[in-house]
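# this one's structure only:
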């Protein structure tokens, strides 16, 4: 599969997910809803629509495709992960958290609207994610829907994504008496990253396997791939923060150094980090051996995650 | 059933829910979780443990009991609603939202900890609610678990609780050019209240009916009771805010008037509001006719909601 073909596949999923999010965030209330306040709809749409690579939905979709599943239900599972990702960005950007002004090259939600609206929009987005998974439109089988719900909840809560953001704030020395960053070692940094970004990336593969009715061995292979891609993603992110240009990345760069926070790049140096990244990509690709050329898209995805420039 | 017997029943559920929340918020990670950050566990426990009437869990438990179901699974469903209620209080209290200093007579979470921790604790609480429902421990039947999830998600998201909080901020004139409260009429106020507090109270009865495997007619009767109790709850709340003493209520009172916000009390006057409250209680009790004396607890609950002093 050529890079152009890969890009086209990635883009196609992004377009489909955008269209589905547009429908999920329509102004009209669903059965059981009383009213969707216009301001809240607008804020949620601002946070979710208009781009992004949609890497997480892509992972769900491509994992499910390995098992021959390719339909609107898979996209709904993919959109649910994206809603959780989107809510986490909105809340992480808040003044009390990372206090960011830019996200994907435009003002963050609390700058474009206000803090109260941003908090509520995040709350309504995470709730919509679980609503979307629980809706029979996602899968006729209740067991599949509840497995998806469980996987997304457990990976994004206190022991996963939300907990990872807590550790991240702690690593910055936010709650230390002297306000100085903690001198976290490699193991601490890996764990923080595994929680903050790795858990959800891993959940994408698990969710693709769930909707695809994958057996235990397939689930384990994909789970391993997910963990490795998650680690690669984070090293690439650290490299971007250390080397990238804000214009290209669409958000502030150099933040980790400015905050004195340990990253794999600051711990290992740029060269070693690059080597490790390349090794992770090899391992991730190797974990898909059982699927032959069918898994070429996911192999390309691992390389793409490592080489991204924004 | 005497008032003492009713109180004892209410207290027993509160004690059981407290014990279950204590277990759900234990420091050790569950399978699939990497680590539970100590600070986040502490903040979530601060928000959830140590009292409260646990009215919502009580409604779930008593609705389920009508159909002979009374076990740990029911309590888990009840605790999930309480987690959603708790997260909404934590986020509503934030400086950017209602900026409250007291909750149940102690400092609000962001005062006791800090804003970032409060935002994250709320996020992790709502996620834990869905995690709890999705866990097989709640019910062996996936269909029951996903119905619970769907009911809780739909009632607490953009078209329910979160949307209601948005309307509430709008009613205060938060986003108006002149910052003046909107002159909402009775219909607007009823709708706001139906979303902000009514939807979740209604969901409690629906969830009790779901775990109890209630048939369609039972579901409708309980749903009607839930709506009426929700309205009664809100009038009682408005009366408390207008008349109550902060010491007793455990949070600031007189806030609605200070913010110039329309309430049923300001729209109807205290006497008419009291009359309407009493009528709602009668109707709620009447909607349980099919259950005879079995529903005495829920009848007492309607009266209790209307007469509470804190």
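Alright, I've got the coordinates. In this text the structure is predicted, and so the values were computed from the model without any measurement.
# From now on I want contacts and neighbour counts done on CA atoms only, so please keep to that.
Will do.
# Give me the distance between the two termini of stretch A:97-109.
13 Å (Cα to Cα, to the nearest Å).
# Correction: the previous question concerned stretch A:135-148.
By Cα to Cα, the extent of stretch A:135-148 from end to end equals 11 Å.
# For that stretch, the averaged confidence score.
If you average the pLDDT over stretch A:135-148, you get 98.
# neighbouring contacts of that stretch?
Under the criterion Cα atoms under 8 Å, 6 or more residues apart in numbering or on different chains, residues A:72-74, A:76-77, A:132-134, A:207, A:210-211, B:134, B:142-143, B:145-146, B:150 lie in contact with stretch A:135-148.
# List the buried residues in it.
Neighbour counts over stretch A:135-148 (16 or more other Cα atoms under 10 Å in any protein chain shown) mark A:135-136, A:138-139, A:142-148 as buried.
# Turn the residues you listed into a markdown table, columns for secondary structure.
Below are the buried residues of stretch A:135-148 laid out as a markdown table (DSSP: H, G, I helix; E, B strand; the rest coil):
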| residue | secondary structure |
| --- | --- |
| A:135 | coil |
| A:136 | helix |
| A:138 | helix |
| A:139 | coil |
| A:142 | helix |
| A:143 | helix |
| A:144 | helix |
| A:145 | helix |
| A:146 | helix |
| A:147 | helix |
| A:148 | helix |
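# Which secondary structure element is home to the residue in the stretch 201-310 of chain A that chain B sits nearest to?
Closest residue of the stretch 201-310 of chain A to chain B, Cα to the nearest Cα: residue A:203 (10.3 Å). According to DSSP states H and E, residue A:203 maps onto helix A:199-211.
# What helices and strands are in contact with whichever helix or strand comes after that helix?
Going down the chain from helix A:199-211, the next helix or strand is helix A:216-243, by DSSP H and E. With contacts taken as 3 or more Cα pairs under 8 Å, 6 or more residues apart in numbering or on different chains; DSSP states H and E, helix A:216-243 sits against helix A:186-193, helix A:199-211, helix A:255-258, helix A:264-268, helix A:270-286, helix A:296-307.
# cutoff 7 Å now
The helices and strands touching helix A:216-243, judged by 3 or more Cα pairs under 7 Å, 6 or more residues apart in numbering or on different chains; DSSP states H and E, are helix A:199-211, helix A:264-268, helix A:270-286, helix A:296-307.
# so how far is the first one off the chain centroid?
Between the centre of helix A:199-211 and the centre of its host chain there is 11 Å, according to Cα atoms, centre = their mean, to the nearest Å.
# Which secondary structure elements does it sit against?
helix A:55-65, helix A:142-156, helix A:216-243.
# I'd assumed residue A:195 was in contact with residue A:227.
No: in this structure, residue A:227 is not within contact of residue A:195 by Cα atoms under 7 Å, at 10.7 Å.
# Could you check how far residue A:110 is from residue A:144?
From residue A:110 to residue A:144 the distance is 36 Å (Cα to Cα).
# Tell me the secondary structure at the residue in the stretch 101-250 of chain A that chain B sits nearest to.
Per Cα to the nearest Cα, residue A:159 is where the stretch 101-250 of chain A lies closest to chain B, at 4.3 Å. Of the three states, residue A:159 takes coil according to three-state DSSP.
# Count the neighbours of it for me.
By other Cα atoms under 10 Å in any protein chain shown, 29 other residues sit near residue A:159.
# Excluding sequence neighbours, find me the nearest residue to it.
residue B:33 (4.3 Å; Cα to Cα, 6 or more residues apart in numbering or on different chains).
# same check, this time on residue A:176
That would be residue A:170: by Cα to Cα, 6+ apart, it lies 7.6 Å from residue A:176.
# Let me know the average pLDDT across the helix or strand that contains that neighbour.
Per DSSP H and E: residue A:170 is located in helix A:161-171. Regarding helix A:161-171, the rounded mean pLDDT is 96.
# how many degrees apart are it and helix A:199-211 in direction?
Angle of helix A:161-171 versus helix A:199-211, following axes from the mean of the first three to the mean of the last three Cα atoms, to 10 degrees, is 170 degrees.
# I figured the residue of the stretch 101-250 of chain A closest to chain B hits residue B:31, correct?
No: in this structure, residue A:159 is not within contact of residue B:31 by Cα under 7 Å, at 9.4 Å.
# Now do the shared contacts for these two.
Residues touching both residue A:159 and residue B:31 (Cα atoms under 7 Å, 6 or more residues apart in numbering or on different chains): there are none.
# follow-up on the earlier one: tell me the most buried of the helices and strands packed on helix A:216-243?
helix A:199-211 (a mean of 28; mean count of other Cα atoms under 10 Å in any protein chain shown).
# residues making contact with that one?
Helix A:199-211 is contacted from outside by A:56, A:59-61, A:63-64, A:74, A:144, A:148, A:151-152, A:155-156, A:160-161, A:219, A:222-223, A:226-227, A:230, using Cα under 7 Å, 6+ apart.
# about what we covered before: quick one: the residue of the stretch 101-250 of chain A closest to chain B and residue A:144, what's the gap?
22 Å.
# and what of residue A:279?
Residue A:279 sits 34 Å away from residue A:144, going by Cα to Cα.
# and residue A:42, which of the helices and strands packed on helix A:199-211 is closest to it?
Checking those against residue A:42 by Cα to Cα gives helix A:55-65 as the closest, at 22.2 Å.
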